[in-house]
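1. Sequence and predicted structure are below.
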Amino acid sequence: METGEMEDISLNSEEVTVGQGSEAFQERHDQKTDLDSQNGVLEGRKEFVAPAMGMEFESYEDAYNYYNCYAREMGFCVRVKNSWFKRSSREKYGAVLCCSSQGFKRIKDVNRLRKETRTGCPAMIRMRLVDSRRWRVLEVTLEHNHLLSARTYKSIKKMSTGTKRKLQPNSDVEARTIKLYRALVIDAGGNGNSNACAREARSSSDHSDRLNLKKGDTQAIYNYLCRMQLTNPNFFYLMDINDEGCVRNAFWVDARSRAACGYFSDVVYFDNTYLSNKYEMPLVAFVGINHHGQSVLLGCGLLAGETTESYVWLFKAWLTSMSERSPQTIITDRCKILQIAIAEVFPRSHHRFGLSHIMKRVPEKLGGLRNYDAIKKALVKAVYESLKPFDFEAAWGFMIQHFGITDHEWLRSLYDDRTRWAPVYLKETFFAGLAAARPGETLNAIFDRYVHKQTPLKEFLDKYELALQKKHKEEALADMGSRNSTPTLKTRCPFELQLSKVYTREIFNKFQLEVEEMYSCFSTTQLHIDGPIIIFLVKERVLCEGNRREIRDYEVLYNRAAAEVRCICSCFNFYGYLCRHALCVLNFNGVEEIPSKYILSRWKKDFKRLYIPDNGSNNVDVTERIQWFSQLHRSALQVVEEGVISLDHYKVTLQAFEESLNRVHDVEGKHE
């Protein structure tokens, strides 16, 4: 049972806090300032980010200090209107902070000599302790019904000495507040302390403790976050602030990307290309792959530098937005710092290095060697053609011995890390098409067409939404194409017919190629039996360099009773569908339908209809409105995804929403 208790503190009490009342601050606000006639907001005081629904704080004290600092910047005082405590533990779990002019005097106080200072001002924030043990802002009113002016601050001078001591700028409260909430204050074009911090950032050669923001970048971030919070109800962001109050790291994810996380976060590629290549903008991105094989954005960040601390902070921020659900596989650049951070935050995930990133570095790392072309050819053969670890190690050993490169530092370190990047060691890892395990396949940066080395942050934030809109449109068109068209069959194989009705068009085209290439496999023979498992040998004519064909042997394990088939090439784990060799074995054994375990739901054309992401919906607190909102938003977004497929879908969806709204209003009417 939870109870509510009042903490109603009057304006003249010593508990009133307006931030920190330094004399310099008071003098600055005693000067003449233009006022916005509509809401009394002081122009030029928008240094602090305004309160907004969804903001989260580590503790009640942090939230309280933030609102007081915001109040100081805007020119009003704060008091605690309500607090709620758990009866059993006396733990505070909810509060309302309001402008000190909120409400009116009680009737018995009306005749007192003290002048009335309250105006019934509506400005307030309501916040609550949520499941993540953070304090989240649930309701905000920014407008005041009175002027905000220097008179608010002059009341400080009338306080006792004891009270003024609480408001000194060097107090722990001030330090903590600046550390946590001056996130968007720091800008090269700002005023006062902001300017000093910006100068320090520019003069320091070590920017690992702060973002190297240019003039106008802070305002661009602020404008973007404000716009997204207004237009994107499930938008999520976190800011990391250093001890000087400067932005160190930032993370954000919009509503559609959060929805995509629910569907496609089984395998994630963490792209730090722009950061590691020292682009103007230190952007990093979490990327997944959707049911059409298209890349989808799962979250973005800006990092001060490639440090373990920054990466750990970012990964934890993303995990928070994901409701603490770790990916099955996470792919990154080959980097020891990343390896340490991922081991800490995602200990149960399979961490693998992007093979395409490694192969791209071959010219840079080996280009100066004698016989470079021959070395590269031997390396490619060892990496892409080895079917067993013994084959890889033998080919590698031959390469370094034959070309006399045993002491090459990069190759030596690469070999030490081989179990994280060489395909032959990764056959038990599920990649969903992000393995890039074939020659020529790459992991492309999701913003490649929109970001170049000198792209400024302000320009990127403008292009960001355009890029995402294009991605969403591509997915919607692919949905429409998959549902409204029937693929042309190229063989009489029953597997092809079976999956033509199930897979999206893009994934089916890839699987169809495997069916066609079954005819390159000219021999399927039984090698031996091991209990219920039969081992088959499939011979294939493989097209090699110079248009010549080479015969290769592939071992395939088959268990009829368990309906299991596994090929040594591990196409299923790498790409999510069965290979030509496994299909040959199924066909050889008279199987006419691919077992259901090898038809992944994530490739189905109606995947989003069939699969409801598990975002803790079964554990929704019936008293927690913010959880209601999140669950309703997720459910509505599923309907929206269907509604944009065609004009007919759009009309039906719009009508359904109108009918739903009327039914909700009917419920409201019954309670009146």
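-> Arrived safely, thanks for sending. Remember, predicted model here, so these are calculated numbers, not experimental data. Numbering: from 1, shown residues only.
2. confidence score at the closest residue in space to R210 that isn't next to it in sequence?
-> Computed as CB to CB, 6 or more residues apart in numbering, the closest residue to R210 that is not its neighbour in sequence is C246, at 4.1 Å. No exception for glycine: its C-beta is placed from N, CA and C like everyone else's. At C246, the model reports a pLDDT of 80.
3. The residue nearest to the spatial centre of the chain bridge partners, please.
-> Centrality entry for the chain: nearest residue to the mean C-alpha point is G299, 2.6 Å, by CA atoms, centre = their mean. Counting by DSSP bridges, G299 is bridged to F286.
4. ditto for the one 4 residues further on
-> Judged by DSSP bridges, the bridge partners of L303 are N249.
5. list the contacts for it?
-> Taking CB atoms under 8 Å, 6 or more residues apart in numbering, we find L303 in contact with L211, N249, N272, L275, P282, V284, S310, Y311, L314.
6. mind checking how far the closest residue to L302 other than its chain neighbours is from L461?
-> Spatial nearest neighbour of L302, chain neighbours left out: A250 (4.6 Å); criterion: CB to CB, 6+ apart. A250 sits 11 Å away from L461, going by CB to CB, to the nearest Å.
7. just for the stretch 151-300 of the chain, where's the confidence low?
-> By pLDDT under 70, the low-scoring segments of the stretch 151-300 of the chain are 151-208.
8. May I have stretch 480-489 as CSV, with CA atoms only?
-> Extracted in CSV, the C-alpha atoms of stretch 480-489 (Å, rounded to 0.1, in the frame of the first residue of the first chain):
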residue,chain,number,x,y,z
MET,A,480,4.4,-3.9,-50.3
GLY,A,481,6.5,-5.7,-52.9
SER,A,482,6.8,-8.8,-50.9
ARG,A,483,3.1,-9.0,-50.1
ASN,A,484,1.7,-8.0,-53.5
SER,A,485,3.9,-10.0,-55.8
THR,A,486,4.5,-13.7,-56.4
PRO,A,487,8.1,-14.7,-57.2
THR,A,488,8.8,-16.5,-60.4
LEU,A,489,9.9,-20.1,-59.8
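9. you'd agree D254 is up against L468?
-> Yes. Here D254 reaches L468: they are 7.2 Å apart, a contact under CB atoms under 8 Å.
10. Mind checking which of the two has more residues around it?
-> D254 (21 against 18; other CB atoms under 10 Å).
11. Y269 versus that one, what's the distance?
-> 18 Å.
12. rewinding a little: common neighbours of A250 and L461, please.
-> Shared contacts of A250 and L461 (CB under 8 Å, 6+ apart): I221.
13. ok, those two, which is more surrounded?
-> With neighbours defined as other CB under 10 Å, A250 and L461 compare such that A250 has more, 24 against 17.
14. Surely that one is in contact with S310?
-> No. Here A250 does not reach S310: they are 10.5 Å apart, not a contact under CB under 8 Å.
15. How far away from the center of its chain is the biggest helix by length in the chain?
-> In the chain, assigned by DSSP state H, the helix with the most residues is helix 457-484. Computed by CA atoms, centre = their mean, to the nearest Å, the separation of helix 457-484 from the middle of its chain amounts to 17 Å.
16. cool, and stretch 248-260?
-> Distance, stretch centre to chain centre, for stretch 248-260: 4 Å (CA atoms, centre = their mean).
17. likewise stretch 317-335?
-> Here the centre of stretch 317-335 is set off from its chain's centre by 8 Å, with CA atoms, centre = their mean.
18. Numbering from 891 from now on, please.
-> Sure, I'll start counting at 891 from here, so that last one is stretch 1207-1225.
19. looking only at pLDDT, what's the mean for that stretch?
-> 92.
20. Can you get me the start-to-end distance on it?
-> One end of stretch 1207-1225 to the other measures 20 Å (CA to CA, to the nearest Å).
21. Report the buried residues of it.
-> 1207-1208, 1211-1213, 1216-1225 (16 or more other CB atoms under 10 Å).
22. and which of those is nearest to H1247?
-> D1223 (5.1 Å; CB to CB).
23. ok, now which ones touch the closest residue to the closest one other than its chain neighbours?
-> Distances taken as CB to CB, 6+ apart place H1247 nearest to D1223, at 5.1 Å, with adjacent residues excluded. Shown in contact with H1247 (CB under 8 Å, 6+ apart): D1223, R1224, L1333.
24. can you redo the residues you listed as TSV with secondary structure?
-> Putting the contacts of H1247 into TSV (DSSP: H, G, I helix; E, B strand; the rest coil) gives the following:
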residue	secondary structure
D1223	coil
R1224	coil
L1333	coil
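25. Hmm, R969 is touching L987, no?
-> Yes. With contact defined as CB under 8 Å, R969 and L987 form a contacting pair (7.5 Å).
26. So between those two, which is more surrounded?
-> L987 (25 against 21).
27. helix, strand or coil for that one?
-> Assigned with three-state DSSP, L987 falls in the strand class.
28. Beta-bridge partners for it, please?
-> Going by DSSP bridges, L987 is paired in beta bridges with V970, I1015.
29. Kind regards, and thank you for your time.
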